[in-house]
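J.: Got a sequence here, can you model it:
(one chain, ligands or ions: 1)
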Amino acid sequence: MRIDIITLFPELLSSPFETSILKRALTAGVAQVNFHNLRDYSINKQKQVDDYPFGGGAGMVMMIEPIDRCITHLKKQRNYDAVIYLTPDGETLNQKIANRFATTQHLILLCGHYKGVDQRVRDHLITHEISIGDFVLSGGELAAAVFCDSVIRLLPGVLGDESSALTDSFQDDLLAPPIYTRPATYNGWNVPEILISGNTPKVEAWRDEQALDRTHRLRPDLLK
Ligand code: ADE
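T.: So this is what the prediction gives:
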């Protein structure tokens, strides 16, 4: 999978890809992530990428021309499955959406800043709009990193234990059950007996029951 991220602040984006699972995925070549600085596609010597809103009002608007130039440049090199704009008024990211994008080959992500992008970008150049939740970030970069993490970790070969992503919370509309590790007793707080019984079918049944119970208590909306 290849993800091209268009941003005004590439330095905001680098570290999530330099550690842990994402780093491993990139090093193994399972995923490739490229940053494109929108200023490199600016229309003038001042490297301008934004301008005042027509009709007045506070804040600057990201201009269509640099964005179009960058997207056109990328599209000349390969076909893209989606051109995604990260925005608080997009569709809220969830596990189903991450699963769906994990089956694609080439994605462009556009990170917004200031008041956002000229509406014509959204109307004509963008295929999907994604939000990571009902709150407003200073820009789309952190949202793009969250999106990439949720998708790349699902790619075959990324997680050591192949079944691991399947047992994540939300993967079957259930929260994950509680987990424990050694020591079996700490401060007088004990690990549930069943987990040290060695009885795998019983452990599985207990985990299913716990997942259902936790979902009932914490996220009853998922069971509807
Ligand atoms: N840009 C600013 N806020 C955002 C959010 N909540 N999700 C996605 N992109 C954003």
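
J.: Any idea what residue 109 is bridged to?
T.: residue 5, residue 84 (DSSP bridges).

J.: Surely it touches residue 82?
T.: No: taking contacts as C-beta atoms under 8 Å, residue 109 lies outside contact range of residue 82: 9.0 Å. Glycine gets a C-beta too; all of them are placed from N, C-alpha and C.

J.: Among the two, which residue is more densely surrounded?
T.: Each of residue 109 and residue 82 has its neighbours counted (other C-beta atoms under 10 Å); residue 109 has more, 27 against 15.

J.: mind listing what the more buried one touches?
T.: Each residue near residue 109 by C-beta atoms under 8 Å, 6 or more residues apart in numbering is listed here: 3-6, 84, 86, 140, 144, 147-148.

J.: So which of those residues is surrounded by the most neighbours?
T.: residue 140 (32 neighbours).

J.: Contacts only, for that one.
T.: Applying C-beta under 8 Å, 6+ apart to residue 140 gives the contacts 7, 85-87, 109-113.

J.: Which single one of the residues you listed is nearest to residue 154?
T.: residue 109 (16.3 Å; C-beta to C-beta).

J.: what helix or strand does residue 201 sit in?
T.: Using DSSP states H and E, the element containing residue 201 is helix 200-218.

J.: Might one say that residue 120 is in contact with residue 64?
T.: Yes: between residue 120 and residue 64 there is a contact at 5.2 Å, judged by C-beta under 8 Å.

J.: what's the spacing between the residue minimising distance to the centre of the chain and residue 3?
T.: Centroid check for the chain by C-alpha atoms, centre = their mean gives residue 147 as the closest residue, at 0.9 Å. Distance from residue 147 to residue 3, counting by C-beta to C-beta, to the nearest Å: 9 Å.

J.: for residue 194, same thing?
T.: For residue 194, the distance to residue 3 (C-beta to C-beta) stands at 42 Å.

J.: What are the structural domain limits within the protein?
T.: Domain segmentation of the chain under automatic domain parsing yields 2-152, 169-223.

J.: follow-up on the earlier one: so which of the contacts of residue 109 reach the ligand?
T.: With C-beta under 6 Å from any ligand atom as the criterion, the contacts of residue 109 include 86, 140 near the ligand.

J.: Quick one: the contacts of residue 109 as a markdown table, columns for pLDDT too.
T.: Shown next, in a markdown table, are those (pLDDT from 0 to 100):
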| residue | pLDDT |
| --- | --- |
| 3 | 98 |
| 4 | 98 |
| 5 | 98 |
| 6 | 98 |
| 84 | 99 |
| 86 | 98 |
| 140 | 98 |
| 144 | 98 |
| 147 | 98 |
| 148 | 98 |
